[in-house]
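Student: please work out how this folds:
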Amino acid sequence: MTPTPEWLQEKLFERRIVFITGRLDDALAAHAAAQIMTLDDAGEQPIDVVLNSGDGTLEAAFVIIDVLDAAQATVRVQCQGHVGGAAIGVAATAGHRTATPHTTFRLAAPAMQFSGTPEQIAEHAARHRALLWRFQVRLANATGRPAEDVADDMRRGRYLDALEALDYRLIDVIRA
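Tutor: The predicted model follows:
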């Protein structure tokens, strides 16, 4: 008998494990935030977040970042596969950050699509730039680097392997 996805999800939740995989959008962020808040409310034991997300929106990332900031329990993020764009901020916010040896990271500014009148587009672009700068400052604080250096690395779309991410201080440990 093959276990159902619901059964597996329940077993992982019982073990205080939350998965954030795929594009980090509003729906994924809301689901993960709800799981983390529920687990945090249920006890002080650490919460493990498995992160494998190469893209997403800043707004979705900040939903999870705010939940991690408010959590009383230690939140440990385990990076796997590819972590990039907005998901980098989720990894950097955790109390303990690990990655598998073959994880790749991409420091890249999340793209935005705007529509509307020229004035509306200009307003959206200005809000996005301000949110992006807040995001870059968060990464700078987490890594001990100047915000301008982080912003430059994001403009260039810098790739890092796990060892380079350790040196950059995006993660604390590489785990086999």
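Student: per-residue confidence averaged over stretch 103-111?
Tutor: Stretch 103-111 shows a mean pLDDT of 91.
Student: could you point out which element follows whatever helix or strand Ala34 lives in?
Tutor: Using DSSP states H and E, Ala34 maps to helix 26-42. Moving toward the C-terminus from helix 26-42, the next helix or strand (DSSP H and E) is strand 47-52.
Student: who are the packing partners of that following strand?
Tutor: Where contact means 3 or more C-beta pairs under 8 Å, 6 or more residues apart in numbering; DSSP states H and E, strand 47-52 is packed against strand 17-21, helix 26-42, strand 75-79, strand 82-84, helix 87-93. No exception for glycine: its C-beta is placed from N, CA and C like everyone else's.
Student: centre of the chain to it, how far?
Tutor: Averaging C-alpha positions (C-alpha atoms, centre = their mean, to the nearest Å) puts strand 47-52 9 Å from its chain's average.
Student: tell me the contacts of the residue at minimal distance from the centre of the chain?
Tutor: Residue closest to the mean C-alpha point of the chain, counted by C-alpha atoms, centre = their mean, is Val90 at 2.4 Å. Residues near Val90 by C-beta atoms under 8 Å, 6 or more residues apart in numbering: 20, 24, 49, 51, 53, 61, 64-65, 68, 77.
Student: ok, the residues you listed vs Glu6, which is closest?
Tutor: Nearest to Glu6 out of these is Ile20 (C-beta to C-beta; 18.1 Å).
Student: what is the helix ranked longest in the chain packed up against?
Tutor: As assigned by DSSP state H, the longest helix anywhere in the chain is helix 118-143. Helices and strands touching helix 118-143, as assessed by 3+ C-beta pairs under 8 Å, 6+ apart, comprise helix 58-70, helix 87-93, helix 147-156.
Student: can you redo those helices as JSON lines with mean pLDDT and distance to Ala30?
Tutor: Shown next, in JSON lines, are the helices and strands packed on helix 118-143 (pLDDT from 0 to 100; distance: least, C-beta to C-beta, whole Å):
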{"stretch": "helix 58-70", "mean pLDDT": "96", "distance to Ala30": "7"}
{"stretch": "helix 87-93", "mean pLDDT": "94", "distance to Ala30": "14"}
{"stretch": "helix 147-156", "mean pLDDT": "96", "distance to Ala30": "25"}
